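# Could you work out the structure for the sequence below:
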Amino acid sequence: MEPVYQQHFGLAQVPFNITPDPNFLYLSPSHREGLAQLEYGINARRGFIVLTGEVGTGKTTLIQTLLSQLAEGTQTALIFSAIASPLDLLRYVCEEFKLVEPLRELRDTHDYICLLNEFLLQHYREGENAALIIDEAQNLASDVLESIRLLSNFETTKDKLLQILLVGQPELNERLNTPQLRQLKQRVTLRHHLRPLSLSECQEYIANRLRHAGGGPGVFTPRAIERIHHYSGGIPRVINVICDNAMINAYALDKREIEPLIIQEVADDLSLSGVSPRPPVPRRDSTPRVERSSLSEGQATKPQPVQLVKGNRANGFADHSHIVSSSGVVPEKFFLFLREALIDAMGPMAHIVLAEHMKLLGSSSDRFPQEKIDRLVDSVSREIFDESIRARFRQNMSERISTLQRT
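Take a look at the predicted model:
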């Protein structure tokens, strides 16, 4: 049924549904980084990945977008159902991978494990991947979470056969930090927390959804958007609820521009207090993230999109022959050059790859020892799939390392 306000505002479709429609996904810096990490983690067979976010921040929408962007040949199992026991977990996984038919009598644990092992090995031999995505993971019992850890034992000497993505509310991080789940926590290779939208992102979010629905961005006044952000706390789902109700009220009042008074009435009707959501759980990995501006939200600069390719560089590299280091520590300028070269070679996930490999070597860019730089370049270059690009990257990096070691 077409909403009463759709024709009033000249819209082709409803702009503020609360369903997880990937077509309406707005990639804030936090969402963009999260999507890049999830895609990289699965395609590169990194094993365990954790995505957390407050209720309504867009986790499910991000998952739906991820499913549409995974590499061809990736088999996926998506579980939303409540899992009561480890045996239930195995049954759901096998059902989602279409290894058993739903509603059939329950098998024993050994049967499910054999089916799953054969399935994973077969697809691995065919050059394919498999990913298990479990939503609302914060509600899982400890024995179920421990069984999920055991699923990560499906592996060869080189690769994980099953990539596991746990998605949940901030309580999931609290669960993983408990002593009884320390083994599972140690296997998490990538972790990302979706943060609420800032004021400027809220404005872009609303404009983006209106444009996608066939309308113009000027329906809500700037002051109205400030009020929306205040009462929503930057949570996309609450923004949708407020905007949808505001458009209904505006239609009833025969107004085509929504001002703060209408938002205030909606907030009162919905009993919204304007209390901001809890702050995100601090990240426990070294993966770089986009930092918020030190300016106030009203003055925040527009976030810059991740570049796929850096353009207009002479021979693809800058001249860093002046790099010197007398302390045995690789200078930061060298890492700026390394990041740019790696982005050229493999695209927007390069910064994630670099951070992960530095972490595996037990170092960070601010105090990275020169004796490890050859190992770092060798390990990150293995992530470049194209052989000619990989060879060119190694050659250029070898030249710069030689310059670094002579100084």
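# Which secondary structure element is home to the closest residue to Pro222 other than its chain neighbours?
Take Pro222 and drop its neighbours on the chain: the residue closest to it by Cβ to Cβ, 6 or more residues apart in numbering is Gln203, 7.4 Å away. Backbone N, C-alpha and C define where each C-beta goes, glycine included. According to DSSP states H and E, Gln203 maps onto helix 199-212.
# packing partners for that helix?
Applying 3 or more Cβ pairs under 8 Å, 6 or more residues apart in numbering; DSSP states H and E, one finds that helix 199-212 contacts helix 222-232, helix 236-252.
# coming back round to it: run a quick check on the residue nearest to Pro222 versus Arg223, I expect a contact.
No - the criterion here is Cβ atoms under 8 Å, and Gln203 misses it with Arg223 at 11.4 Å.
# my read: Arg195 touches Glu33, true?
No - if you go by Cβ under 8 Å, Arg195 and Glu33 don't touch, sitting 10.1 Å apart.
# Ramachandran angles for Leu150?
phi -70, psi -30 (degrees, to the nearest 10).
# Need the pLDDT of it.
Note on Leu150: pLDDT of 89.
# cool, and Leu115?
On the pLDDT scale, Leu115 gets 94.
# Ser326 too?
51.
# What of Gln370?
Gln370 is given a pLDDT of 83.
# which stretches of the stretch 251-400 of the chain form helices?
Along the stretch 251-400 of the chain, the segments classed as helices by DSSP state H, counting those that start in this stretch run 260-269, 332-346, 350-360, 373-381, 387-406.
# Let's have the ones you listed in TSV, adding mean neighbour count.
Output for these, formatted as TSV (neighbours: other Cβ atoms under 10 Å):
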stretch	mean neighbour count
helix 260-269	18
helix 332-346	19
helix 350-360	20
helix 373-381	17
helix 387-406	14
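# could you dump those to a markdown table with mean pLDDT and distance to Ala252?
Below are the helices of the stretch 251-400 of the chain laid out as a markdown table (pLDDT from 0 to 100; distance: least, Cβ to Cβ, whole Å):
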| stretch | mean pLDDT | distance to Ala252 |
| --- | --- | --- |
| helix 260-269 | 94 | 10 |
| helix 332-346 | 79 | 51 |
| helix 350-360 | 77 | 48 |
| helix 373-381 | 87 | 58 |
| helix 387-406 | 80 | 59 |
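# quick one, which of those is nearest to Thr52?
Nearest of the helices of the stretch 251-400 of the chain to Thr52, taken as Cβ to Cβ: helix 350-360 at 17.1 Å.
# Would you mind extracting the C-alpha trace of the closest one into CSV?
What follows is helix 350-360, C-alpha atoms only, in CSV (Å, rounded to 0.1, in the frame of the first residue of the first chain):
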residue,chain,number,x,y,z
ALA,A,350,45.3,-2.2,1.3
HIS,A,351,45.4,-0.3,4.6
ILE,A,352,43.6,-3.3,6.3
VAL,A,353,46.1,-5.8,4.8
LEU,A,354,49.1,-3.7,5.9
ALA,A,355,47.9,-3.2,9.4
GLU,A,356,47.1,-6.9,9.8
HIS,A,357,50.6,-8.0,8.6
MET,A,358,52.4,-5.5,10.8
LYS,A,359,50.3,-6.9,13.7
LEU,A,360,51.3,-10.5,12.9
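# can you list contacts of it?
By Cβ atoms under 8 Å, 6 or more residues apart in numbering, the surrounding residues in contact with helix 350-360 are 36-37, 40, 44, 46, 189-190, 285-288, 338-339, 342-343, 346, 364-365, 368, 376, 379-380, 383.
# Could you do stretch 111-123 as well?
73, 75, 87, 90-91, 93-94, 97, 99-100, 129-130, 151, 154, 161-162.
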